[in-house]
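Asker: From the sequence below, what's the structure:
(one chain, ligands or ions: 2)
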Amino acid sequence: MVNSKSLKTEILVIGSGIAGLSIALKLAAKHKVIVLAKSSLSEGSTNYAQGGIAAVLDPFDSIESHIVDTEEAGAGLCDPAAVELVAKHAAHSIRELIELGVPFSRCEGNECTYPFHLTQEGGHSHRRVIHAADHTGHSVLETLIQAVYSHPNITLLPDHISIDLILNKAHKRCIGAYVLNKRENTVYDIWADFTVLATGGASKAYLYTSNPDTSTGDGIAMAWRAGCSVANLEFNQFHPTCLYHPQDRSFLISEAVRGEGGILRLPDGTAFMEQYDSRKDLAPRDIVARAIDHEMKKHGLDCVYLDITHKSREFIQNHFPTIFERCLNDGIDISEEQIPVVPAAHYTCGGVVTNLSGETDLAGLYAIGETAYTGLHGANRLASNSLVEGLVFAETARQSIEKAYEQPLNNDEAPRPWDSSLVTDPAEKILVSHDWDELRRVMWDYVGIVRTNDRLKRARQRIRNLQKEINEYYCEHTVHSDFLELRNLALVAELMVKSAQTRKESRGLHYNLDYPGLRKKAKPTILKPKPAKKTKHKS
Ligand code: FAD
Ligand code: SIN
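Answerer: Ligands and ions are numbered 1, 2, ... in the order given. The predicted structure follows:
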């Protein structure tokens, strides 16, 4: 049996990646903030980000060019207002990180036009990606964690997984969340004036992914259950180059390797990207991932190869120390051998619908970072536009929350405590691990890089069956972390398939053989939930 406890705060931030910690730090100047992380504070996609952060920093670059590149990668589906906002404010966000002490790589030599080194990635027509070698996310996160760690207004709660949002139905407002403390196996209700979802993406829906275990779409699922709209979930990005190693977990080989001259080759050495796009290896990701998928199917290959051997060992070790070491551990010296690579699920372009201030459909609830759909990425995210989105929307959401505090809040009624009196501990957890495997394989096989109507229909049926089992299990049993994640991921997978079935064309990351053409008018796929059913867990 799980007991219940209560906490109260002004701001509840769910997630401790770049988005969550940035907004927590900003709001803590005036408010009490609680930050949740469902495992350690550093575990999340941010920690693994390699390539860097896109921003117009070079005096020879322009905001206009960043806008054009973002919109072109987004295949006609970006919201121009979101793109302009991010392109204009990116440099300011980078300056804030530099002031906090992030150790970005410096530019060396006589040709520098900016003090820090700027690398190039697919779809960018200029060098505009600031980075800390190939461990940008880790360096940013370490700096942010140091800043929040000793902040008197911030309470950090690692190993706390939120279960669902708490609603004040009379005021149609989010007033916090129910949260499972994984260490004590206790459920808290956390009562907050404002709740910020910063829970990252949902790429764990796929069998092969570059993402850590945290990317289970929890924020998207919780927001949906609370009545918020979601958008563009058919556009899950596949990164073209993850290390292919049968005995190792997926590991990303940064696009910056191609930015610094890496070439994709077939096993016989043929470079193939020029057949697909004039930008060759630096075409946007959807194009490169599809090209690799096509070559692998055509030649019956397990992988293709990424070749950076024309660069010196010293250059490679300086620019890509993490990738160099990791490949060496797997027996591949990338200064002498080509790297075996395959595409893997990488980024959720859609998410909880927000406006330019991170506000969702529900009063009191914000969504920022990968969990949000702001309109920035359209049908395909431009490389290194994600970390910057987290930073810029942390700032606009901060401004909106500060402004909202100027009005009366309608948040005087405490949440009802979590009630587990009607449910029992599960006898066994085998169902959960089976369903995890089945869900991720179905998504990989039927909702991957290339889709068909038939595959999507099969996926929908299989996921619906899984959902039925999962919902029955949830209604009867006390909650545990693996199961909560499965419940969320199955819901988000269903929404991904539903979105994919709604789009009757091929655009950006969504490629359906039954609708290979583009529709004239580009429209986002927006899904709105029906009112949620009552469960035995809540009073
Ligand atoms: P995350 O960093 O994923 O953090 C999510 C947080 O939410 C975690 O703290 C997690 O514990 C918490 N959480 C989730 N659910 C719950 C819950 N129910 N309860 C409590 N806490 C919860 N983007 C770029 O722009 N440039 C790059 O170079 C780049 N490289 C990448 C390399 C890799 C290998 C990967 C995986 C991604 C990369 N990306 C890159 C994408 C980028 O890293 C992510 O989109 C971004 O870091 C997301 O940040 P976030 O704060 O939204 O979420
Ligand atoms: C990479 O380094 O290739 C990842 C960049 C990104 O996802 O934006």
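
Asker: is it true that Leu167 lies in a helix?
Answerer: No - judged by DSSP: H, G, I helix; E, B strand; the rest coil, Leu167 forms no part of a helix; its state is strand.

Asker: Identify the bridge partners of it.
Answerer: Beta bridges link Leu167 to Cys174, judged by DSSP bridges.

Asker: which residues touch it?
Answerer: Neighbour list for Leu167: 173-175, 226-227, 362 [criterion: C-beta atoms under 8 Å, 6 or more residues apart in numbering]. Every C-beta, even on glycine, is put in place using the N, C-alpha and C of the backbone.

Asker: Mind doing that once more with 10 Å?
Answerer: Listed by C-beta atoms under 10 Å, 6 or more residues apart in numbering, the contact set of Leu167 reads 173-176, 225-227, 362-365, 415, 532.

Asker: Give me the subset of these lying in helices.
Answerer: Judged by DSSP state H, helices contain the following of the contacts of Leu167: Arg225.

Asker: which of the contacts of Leu167 are buried?
Answerer: For the contacts of Leu167, a burial check counting by 16 or more other C-beta atoms under 10 Å picks out 173-176, 225-227, 362-365, 415.

Asker: The contacts of Leu167 also near ligand 1: which ones?
Answerer: When the contacts of Leu167 are checked against ligand 1 using C-beta under 6 Å from any ligand atom, none falls in range.

Asker: Need the contacts of Leu167 in JSON lines (columns: pLDDT).
Answerer: Listed next are the contacts of Leu167 as JSON lines, based on pLDDT from 0 to 100:
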{"residue": "Arg173", "pLDDT": "95"}
{"residue": "Cys174", "pLDDT": "97"}
{"residue": "Ile175", "pLDDT": "97"}
{"residue": "Gly176", "pLDDT": "98"}
{"residue": "Arg225", "pLDDT": "97"}
{"residue": "Ala226", "pLDDT": "97"}
{"residue": "Gly227", "pLDDT": "96"}
{"residue": "Leu362", "pLDDT": "97"}
{"residue": "Ala363", "pLDDT": "96"}
{"residue": "Gly364", "pLDDT": "97"}
{"residue": "Leu365", "pLDDT": "98"}
{"residue": "Pro415", "pLDDT": "92"}
{"residue": "Ala532", "pLDDT": "65"}
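
Asker: so which of the contacts of Leu167 would you say is closest to Ala87?
Answerer: Using C-beta to C-beta, Leu365 comes nearest to Ala87 of these, at 26.6 Å.

Asker: tell me what the helix or strand hosting Leu484 is packed against?
Answerer: Leu484 belongs to helix 481-502 when elements are defined using DSSP states H and E. Judged by 3 or more C-beta pairs under 10 Å, 6 or more residues apart in numbering; DSSP states H and E, the packing partners of helix 481-502 are strand 160-168, helix 218-225, strand 230-231, strand 236-243, helix 430-446, helix 453-476, strand 526-527.

Asker: 7 Å - rerun?
Answerer: With contacts defined as 3 or more C-beta pairs under 7 Å, 6 or more residues apart in numbering; DSSP states H and E, the packing partners of helix 481-502 are strand 160-168, helix 218-225, helix 430-446, helix 453-476, strand 526-527.

Asker: same question for that helix, mean pLDDT?
Answerer: Helix 481-502 carries an average pLDDT of 97.

Asker: And the pLDDT for the closest residue to ligand 2 within the chain?
Answerer: Distances between the chain and ligand 2 by C-beta to the nearest ligand atom are smallest at Gly51, namely 2.6 Å. Per-residue pLDDT puts Gly51 at 94.

Asker: got a list of what it touches?
Answerer: 119, 121, 129, 131, 136, 254-256, 383-384 (C-beta atoms under 7 Å, 6 or more residues apart in numbering).

Asker: Restricting to C-alpha, output the helix holding Leu484 in CSV.
Answerer: Output in CSV follows, covering the C-alpha atoms of helix 481-502 (Å, rounded to 0.1, in the frame of the first residue of the first chain):
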residue,chain,number,x,y,z
SER,A,481,7.6,3.6,-11.9
ASP,A,482,8.1,1.2,-14.8
PHE,A,483,4.4,0.8,-15.1
LEU,A,484,3.7,4.5,-15.1
GLU,A,485,6.2,5.0,-17.9
LEU,A,486,4.7,2.2,-19.9
ARG,A,487,1.2,3.7,-19.4
ASN,A,488,2.5,7.1,-20.7
LEU,A,489,4.5,5.7,-23.6
ALA,A,490,1.6,3.5,-24.8
LEU,A,491,-0.7,6.6,-24.8
VAL,A,492,1.8,8.7,-26.7
ALA,A,493,2.4,5.9,-29.2
GLU,A,494,-1.3,5.7,-29.8
LEU,A,495,-1.3,9.5,-30.4
MET,A,496,1.7,9.2,-32.8
VAL,A,497,-0.1,6.6,-34.9
LYS,A,498,-3.4,8.5,-34.9
SER,A,499,-1.5,11.6,-36.0
ALA,A,500,0.3,9.6,-38.7
GLN,A,501,-3.0,8.3,-40.0
THR,A,502,-4.5,11.7,-40.1
